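# please find the sequence and the predicted model below.
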Amino acid sequence: MTTPVTRGRHNRKKQARRRRLPMRYLLPFLLLVALLAMLMLRGYVHSEILADHRIQPPAATDQVPQQVLEGGPVIDARSATGPAKTLRIPDHRIVLTFDDGPDPVWTPRVLDKLKEYDAHAVFFVTGTMASRYPELVKRMVDEGHEVGLHTFNHPDLSYQSDARIDWELSQNQLVLAGAAGIRTSLFRPPYSSFADAMDDKSWPVTQYIGSRGYLTVVNNTDSEDWKRPGVRTIVKNATPKHGRGAIVLMHDSGGDRSQSVAALNRFLPTMQDEGYKFTNLTTALGAPSAHTPVTGLALWKGKAFVHAVAVSEHITGVMAAGLAVIGVLVITRFGLMLLLSFVHARRVRKRDFGWGEPVTRPVTVLVPAYNERECIANTVRSLVASDYPVEVIVIDDGSSDGTANIVEAMRLPNVRVVRQRNAGKPAALNNGIAHARHDIIVMMDGDTVFEPATVRELVQPFADPRVGAVAGNAKVGNRDSMIGAWQHIEYVMGFNLDRRMYDLLRCMPTIPGAVGAFRRDALDRIGGMSEDTLAEDTDVTMALHRDGWRVVYAENARAWTEAPESVQQLWSQRYRWSYGTMQAIWKHRRAVVERGPSGRFGRVGLPFVALFMVVAPLLAPLIDVFLLYGLVFGPTQKTVVAWLGVLAVQAVCAAYAFRLDRERMTYLISLPLQQILYRQLMYVVLLQSWITALTGGRLRWQKLRRTGAVEAPGSMPSQRRGSSNDRRPVA
């Protein structure tokens with residue numbers, strides 16, 4: 001007996017299972033979040049995010065203590081009670097300092113020169129560079145040099161709040177901990193100069209930095225190597241006067257530092273010959289080392305951050321490479337589409353073009369139907385109105401809505417109904433083939449309508465005995481909504497233009513389920529429609545290629561199909577298509593190593609299908625990811641120009657495709673929005689299909705809800721149950 005408590009627990013468990021996010025949804029979401037995090041981290045360490053490039057103009061100096069303005073280049077403002085002190089470098093001591101590094105090109109050369117002449121220096125590193133090249137920071141420490149902070153993003157601190165200053169310092173220390181296992185007490189403000197350049201804007205920053213326990217180190221000898229004035233001038237500027245000690249400012253990053261390296265080669269031995277020693281700052285001052293070892297959690301935090309930066313660099317590098325790949329693929333595909341579609345159109349539209357003697361013998365049209373009561377009447381009427389002799393077989397796959405009864409009640413000539421228990425579309429088609437009386441089989445969906453000439457145009461290529469199947473021209477009938485218009489563009493440009501290209505390359509990947517024809521002998525040789533995949537149309541097409549049959553495209557065999565009218569229905573349909581295509585590619589993978597027609601398709605057709613139908617769509621959103629990143633963090637103008645260039649190429653192809661299909665160009669107004677929104681939906685669907693395949697998931701057939709609103713152009717409106725108000729609104 002079930003008690004209320006037991007029922008309550010059972011209901012809670014059911015609700016918990018219902019709320020649990022399926023792995024195929026969770027993994028794409030987590031992957032997207034991880035990629036965005038890596039991209040943001042990469043932007044952060046490249047000073048593209050949170051960077052502040054403002055520089056404070058000179059200000060008054062009346063608030064700066066006179067002893068600081070007239071003192072040495074080392075400012076100690078750490079005392080909370082006493083005045084700030086300044087320190088000078090003893091005579092015949094030089095503290096070489098290098099700002100803005102480490103740089104992967106110039107810092108190693110600077111370190112090599114210092115090692116060659118047994119000299120030491122202080123490197124004031126930025127967090128952005130140190131996090132990207134931590135091995136150079138470790139080398140500095142290992143070779144006895146001192147490291148100081150130069151902030152993380154190199155902002156002018158006089159513009160920043162105390163919180164931002166603390167952030168710049170702590171992040172810089174975090175990187176040092178991860179790179180070399182140390183923290184430092186030395187700090188040099190960005191854009192600093194001599195002590196007498198301290199003003200009322202920079203002095204409060206120096207005081208605050210001192211309160212955080214840091215020595216502020218400016219300089220009293222500027223080599224001005226950043227100006228690249230020549231080696232002789234750099235050496236002259238860096239040389240102290242009259243044997244005095246000096247803190248010399250140089251740079252190991254920020255541009256071409258070849259003159260700085262060359263100047264060291266002359267400056268170091270010259271000054272050593274004059275009795276100078278090149279030492280660390282604390283050594284010159286006779287103070288304890290500025291470095292403190294970092295252990296415990298702080299050390300692991302630093303290592304984790306440095307490793308995260310390395311991962312982000314590699315991932316964004318891969319993303320950039322992927323963007324290059326997708327760029328090549330997109331341009332290649334569009335170029336091939338334009339060229340080969342033009343050749344195909346010229347060939348099939350010549351007055352003397354023909355497949356052979358006109359095909360006039362009757363054909364069998366198979367209409368697999370499962371709960372198609374809204375559409376089936378329009379579908380069957382369009383077939384009866386055909387100008388070609390047809391036998392129509394409607395295979396009712398266990399419908400529960402009276403689909404078969406509707407067809408039988410119409411009492412149309414040459415129309416038969418075959419009933420079966422629900423077994424799926426491939427089984428329904430095979431059942432229809434078994435009942436067919438003719439040797440050419442036309443297949444269509446139960447939500448599709450044909451024009452009067454569709455069947456006649458579709459079967460003419462069978463005059464060529466090498467042709468085993470023919471793909472028709474599927475068109476979106478319900479194109480008046482936004483989502484319908486997007487699918488209309490996709491059908492005209494992405495499907496039919498592609499089919500012209502694949503026709504010439506003899507590697508047509510798919511006979512559309514909405515409109516296709518097959519030679520019965522060809523179907524018998526490959527064992528009929530396979531139930532191995534969810535894309536039986538792609539599966540059978542690949543099998544025909546491997547068996548040596550030609551598969552061609554008939555542009556005038558037009559069929560009007562009802563496309564999904566909501567995002568959820570579109571998701572379900574494309575999820576099945578993309579997953580089924582992957583299954584078909586995997587099923588026929590052995591064709592790559594086989595000989596004969598199968599090998600030709602495996603080495604030409606399968607790579608084309610994999611690249612243009614799986615890899616390219618999966619990578620295409622990288623264009624939009626970098627577009628969004630570029631718009632927010634720059635360079636905005638170049639990003640917009642690049643994206644508009646890609647869009648222009650797509651627009652040219654789309655316009656040409658619409659011209660070939662004699663479609664109205666007005667639908668192309670929605671092309672930019674389609675590229676931004678619709679493509680992202682297709683990307684997520686494809687990614688979900690990949691995850692389903694990799695995790696061994698199984699996908700079942702989904703039945704899309706239909707409205708029966710599609711009719712062939714020029715046909716008489718039929719009476720449908722309900723009014724137009726019964727149609728479900730577009731999501």
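Perfect, thanks for sending it. All values derive from a computational prediction rather than experimental measurement.

# quick one: end-to-end length of stretch 524-535, please.
With Cα to Cα, to the nearest Å applied, stretch 524-535 spans 19 Å between its terminal residues.

# neighbouring contacts of that stretch?
424-427, 429-430, 433, 510, 523, 536, 539-540, 543-544, 547, 576-577, 579-581, 583-584, 587, 699, 701 (Cβ atoms under 8 Å, 6 or more residues apart in numbering). (Each C-beta comes from the backbone N, C-alpha and C, glycine too.)

# I'd like the next helix or strand past the helix or strand hosting residue 646.
For residue 646, the host element (DSSP states H and E) is helix 636-660. Per DSSP H and E, helix 636-660 leads on to helix 671-673 as the next helix or strand towards the C-terminus.

# with only the CA atoms kept, save the helix or strand immediately after that next one in the chain in CSV.
Sequence order places helix 679-694 as the next helix or strand after helix 671-673, per DSSP H and E. Output in CSV follows, covering the C-alpha atoms of helix 679-694 (Å, rounded to 0.1, in the frame of the first residue of the first chain):
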residue,chain,number,x,y,z
ARG,A,679,24.2,30.0,-37.4
GLN,A,680,24.7,29.8,-33.6
LEU,A,681,21.7,27.6,-33.3
MET,A,682,23.1,25.2,-35.9
TYR,A,683,26.5,25.3,-34.2
VAL,A,684,25.0,24.2,-30.8
VAL,A,685,23.0,21.5,-32.5
LEU,A,686,26.1,20.2,-34.3
LEU,A,687,28.1,20.4,-31.1
GLN,A,688,25.4,18.5,-29.3
SER,A,689,25.5,15.9,-32.0
TRP,A,690,29.2,15.5,-31.6
ILE,A,691,28.8,15.0,-27.9
THR,A,692,26.0,12.5,-28.3
ALA,A,693,28.2,10.5,-30.7
LEU,A,694,31.4,10.7,-28.5
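
# on contacts alone, who are the packing partners of helix 679-694?
Packing partners of helix 679-694 (3 or more Cβ pairs under 8 Å, 6 or more residues apart in numbering; DSSP states H and E): helix 23-45, helix 567-587, helix 616-619, helix 621-633.

# is it possible to get a markdown table of those that adds mean neighbour count?
Formatted as a markdown table, those follow (neighbours: other Cβ atoms under 10 Å):
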| stretch | mean neighbour count |
| --- | --- |
| helix 23-45 | 16 |
| helix 567-587 | 20 |
| helix 616-619 | 19 |
| helix 621-633 | 17 |
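
# turn the ones you listed into JSON lines, including mean pLDDT.
Formatted as JSON lines, these follow (pLDDT from 0 to 100):
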{"stretch": "helix 23-45", "mean pLDDT": "75"}
{"stretch": "helix 567-587", "mean pLDDT": "84"}
{"stretch": "helix 616-619", "mean pLDDT": "70"}
{"stretch": "helix 621-633", "mean pLDDT": "70"}
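
# report the contact partners of residue 219.
By Cβ under 8 Å, 6+ apart, residue 219 lies in contact with 73, 97, 192-194, 246-249.

# how about 6 Å then?
Counting by Cβ atoms under 6 Å, 6 or more residues apart in numbering, residue 219 makes contact with 73, 247, 249.

# A strand includes the second one, no?
Yes. With DSSP: H, G, I helix; E, B strand; the rest coil as the criterion, residue 247 is assigned to a strand.

# the longest helix along the chain vs helix 636-660, what angle?
Criterion DSSP state H: the longest helix present in the chain is helix 296-348. Relative orientation of helix 296-348 with respect to helix 636-660: 30 degrees, computed using axes from the mean of the first three to the mean of the last three Cα atoms, to 10 degrees.

# which strand is the longest one in this protein?
What stands out as the longest strand in the chain, according to DSSP state E, is strand 550-561.

# list the strands paired with that one, with their directions.
strand 448-450 (antiparallel), strand 467-476 (parallel) (DSSP bridges).

# how deep is the residue nearest to residue 178 when sequence neighbours are not counted tucked in, by neighbour count?
Closest residue to residue 178 apart from its sequence neighbours, by Cβ to Cβ, 6 or more residues apart in numbering: residue 302 at 3.1 Å. Look at residue 302: counted by other Cβ atoms under 10 Å, it has 24 neighbours.

# would you agree residue 302 is in contact with residue 180?
No. Between residue 302 and residue 180 there is no contact under Cβ atoms under 6 Å: 9.1 Å.

# could you say which helix or strand contains the residue nearest to residue 420 when sequence neighbours are not counted?
Distance criterion Cβ to Cβ, 6+ apart; nearest residue to residue 420, sequence neighbours excluded, is residue 431 at 5.6 Å. Assigned by DSSP H and E, residue 431 falls within helix 425-435.

# what are the buried residues along that helix?
Applying a neighbour-count criterion of 16 or more other Cβ atoms under 10 Å, one finds 425-433 buried in helix 425-435.

# ok, now stretch 454-470?
Quick answer for stretch 454-470 (16+ other Cβ under 10 Å): 454-462, 467-470.

# most distant residue from the centre of this structure?
Largest separation from the mean C-alpha position in the chain: residue 242, at 61.6 Å (Cα atoms, centre = their mean).

# what's around residue 84, how many residues?
19.

# what about it, distance to residue 71?
9 Å (Cβ to Cβ, to the nearest Å).

# low-confidence stretches in this structure?
The model of the chain has pLDDT under 70 over residues 1-25, 27-28, 618-622, 632-635, 691-731.

# doesn't residue 253 belong to a helix?
No. Applying three-state DSSP, one finds residue 253 to be coil, outside a helix.

# how many residues are close by it?
Applying other Cβ under 10 Å, I find that residue 253 has 23 neighbouring residues.

# wait, isn't it in contact with residue 101?
Yes. Using Cβ under 6 Å, residue 253 is in contact with residue 101, at 4.0 Å.

# can the buried residues of helix 425-435 go into JSON lines with extra columns for distance to residue 207?
Shown next, in JSON lines, are these (distance: Cβ to Cβ, whole Å):
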{"residue": "425", "distance to residue 207": "78"}
{"residue": "426", "distance to residue 207": "79"}
{"residue": "427", "distance to residue 207": "83"}
{"residue": "428", "distance to residue 207": "83"}
{"residue": "429", "distance to residue 207": "83"}
{"residue": "430", "distance to residue 207": "86"}
{"residue": "431", "distance to residue 207": "88"}
{"residue": "432", "distance to residue 207": "88"}
{"residue": "433", "distance to residue 207": "89"}
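
# tell me the one of those residues nearest residue 486?
Using Cβ to Cβ, residue 425 comes nearest to residue 486 of the buried residues of helix 425-435, at 25.3 Å.

# assign a three-state SS to the closest residue to that closest one other than its chain neighbours, would you?
For residue 425, ignoring the flanking residues on the chain, the nearest one in space by Cβ to Cβ, 6+ apart is residue 368 at 5.2 Å. Classification of residue 368 using three-state DSSP returns strand.

# residue 365 now?
The three-state label given to residue 365 by three-state DSSP is strand.

# how deep is it tucked in, by neighbour count?
Counted with other Cβ under 10 Å, residue 365 comes out at 29.

# doesn't residue 390 make contact with it?
Yes. Shown here, residue 365 and residue 390 form a contact pair, counting by Cβ under 6 Å, at 5.1 Å.

# which residues are in contact with each of the two?
Each of residue 383 lies in contact with both residue 365 and residue 390 under the rule Cβ under 6 Å, 6+ apart.

# coming back round to it: ok, the residue nearest to residue 420 to residue 414 distance?
18 Å.

# make sure residue 148 is indeed in a strand.
Yes. The assignment for residue 148 is a strand, going by three-state DSSP.

# once you drop chain neighbours, what's closest to it?
According to Cβ to Cβ, 6+ apart, the nearest residue to residue 148 is residue 186 (3.3 Å).
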